[in-house]
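Chemist: Take a look and give me a structure for this.
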Amino acid sequence: MTQTRTSAQYQPALFVPHGAPTFALRPGAAGAALAAMAQSLPQPRAIVIVSAHWDTTVPTVGFAERPETIHDFWGFPAELYDIRYPATGCREAAEEVVAALKNAGLPTATDHTQGLDHGAWVPLRLMFPDADVPVIPLSIQSRGGTEQAYRLGQALAPLAEKGFLVIASGNLTHNLRDYQMAAMSGGRTPAYVRQFTDWLADNIHAGNTDALLDYRRQAPGGVQAHPTDEHLLPLYVALGAGGENATATRFHAGIDDYVIAMDAFSFLGKKGG
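Modeler: Here you go, the predicted model:
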């Protein structure tokens with residue numbers, strides 16, 4: 001039975017995995033965890049979706065009235081390309097996101113045509129299958145690294161009290177070369193995958209933000225887990241968006257396709273904090 005959602009209330013910030021595009025067809029345990037989390041939340045006023053696959057020089061807010069479903073992948077099963085996520089935008093909500101970024105001193109741009117890449121629509125389709133909440137895309141800035149992503153999240157934190165749900169979508173590990181090697185060698189998961197994800201989880205729960213921001217030097221297997229770090233940057237957006245002294249919960253942990261960590265986190269700040 002579908003849970004009846006209440007009116008817009010204080011929201012957490014979420015980091016969710018989007019895995020390989022086939023996650024949309026085979027959601028498994030990670031998909032079930034995302035769906036259960038969504039059902040546990042009060043009705044959001046709007047969703048701010050931050051995907052590793054929309055990367056711009058400055059933070060850019062999407063204003064499209066009906067964001068297109070973008071199939072930004074090649075060589076996958078034909079049924080994936082038939083999927084559409086019929087999201088709607090909301091100009092008023094998008095303007096509030098712009099205002100929050102500007103209030104934090106961030107340079108801000110807008111885009112009235114940007115759609116939803118698979119890093120956005122795959123988890124949204126699992127979490128909000130009825131597409132009944134307005135969706136506002138927001139870009140990452142990979143050149144700014146972890147500190148820029150964390151600052152971007154901090155700018156979004158005040159929106160939680162206005163019923164905005166921040167969903168940041170990436171993966172805790174993302175090394176496609178290691179995926180290819182694992183697939184050819186019988187599917188063994190390299191040791192660094194679990195070592196790195198456990199290091200992240202331990203430091204998140206301990207509130208060691210400085211160590212997390214410096215993961216490439218401090219974490220075991222950090223560089224191998226992320227030859228480039230755009231797929232981890234959404235974690236820092238969610239971490240910042242949770243606000244100061246947020247309660248962090250890892251609500252799913254697992255590995256798909258040998259090397260892709262599918263861990264998910266909730267960051268629930270204190271109302272008025």
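Chemist: which intervals of the stretch 1-150 of the chain have sub-threshold pLDDT?
Modeler: Residues of the stretch 1-150 of the chain meeting the criterion pLDDT under 70: 1-8.
Chemist: Which parts of it are strands?
Modeler: 13-17, 46-55, 60-62, 109-111, 135-140 (DSSP state E, counting those that start in this stretch).
Chemist: Check which helices and strands the third one sits against.
Modeler: What it means is strand 60-62. Here strand 60-62 touches helix 91-103, strand 109-111, strand 135-140, going by 3 or more C-beta pairs under 8 Å, 6 or more residues apart in numbering; DSSP states H and E. C-beta: built from backbone N, CA, C; applies to glycine.
Chemist: I'd like the C-alpha coordinates of the first one written as PDB, please.
Modeler: Spelled out, it's helix 91-103. Presented in PDB, the C-alpha positions along helix 91-103 are these (Å, rounded to 0.1, in the frame of the first residue of the first chain):
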ATOM      1  CA  ARG A  91      10.000  28.300 -11.900                       C
ATOM      2  CA  GLU A  92       9.200  29.700  -8.400                       C
ATOM      3  CA  ALA A  93      11.200  26.800  -6.800                       C
ATOM      4  CA  ALA A  94      14.100  27.200  -9.300                       C
ATOM      5  CA  GLU A  95      14.200  31.000  -8.400                       C
ATOM      6  CA  GLU A  96      14.500  30.100  -4.700                       C
ATOM      7  CA  VAL A  97      17.400  27.800  -5.500                       C
ATOM      8  CA  VAL A  98      19.100  30.600  -7.400                       C
ATOM      9  CA  ALA A  99      18.500  33.000  -4.500                       C
ATOM     10  CA  ALA A 100      20.000  30.500  -2.000                       C
ATOM     11  CA  LEU A 101      23.200  30.200  -4.100                       C
ATOM     12  CA  LYS A 102      23.500  33.900  -4.500                       C
ATOM     13  CA  ASN A 103      22.900  34.500  -0.800                       C
END
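Chemist: burial count for the residue lying closest to Cys90 once chain neighbours are set aside?
Modeler: If the residues on either side of it in the chain are set aside, Cys90 comes closest to Pro134, at 3.6 Å by C-beta to C-beta, 6 or more residues apart in numbering. Around Pro134 there are 21 other residues, counting by other C-beta atoms under 10 Å.
Chemist: what's next to the helix or strand where Leu212 lies, contact-wise?
Modeler: For Leu212, the host element (DSSP states H and E) is helix 209-213. With contacts defined as C-beta atoms under 8 Å, 6 or more residues apart in numbering, helix 209-213 is touched by Thr146, Glu147, Tyr150, Leu200, Asn203, Ile204, Gln218, Ala219, Tyr236, Leu239.
Chemist: same thing but at 7 Å, please
Modeler: Identification of contacts with helix 209-213 by C-beta atoms under 7 Å, 6 or more residues apart in numbering yields Thr146, Glu147, Tyr150, Asn203, Ile204, Gln218.
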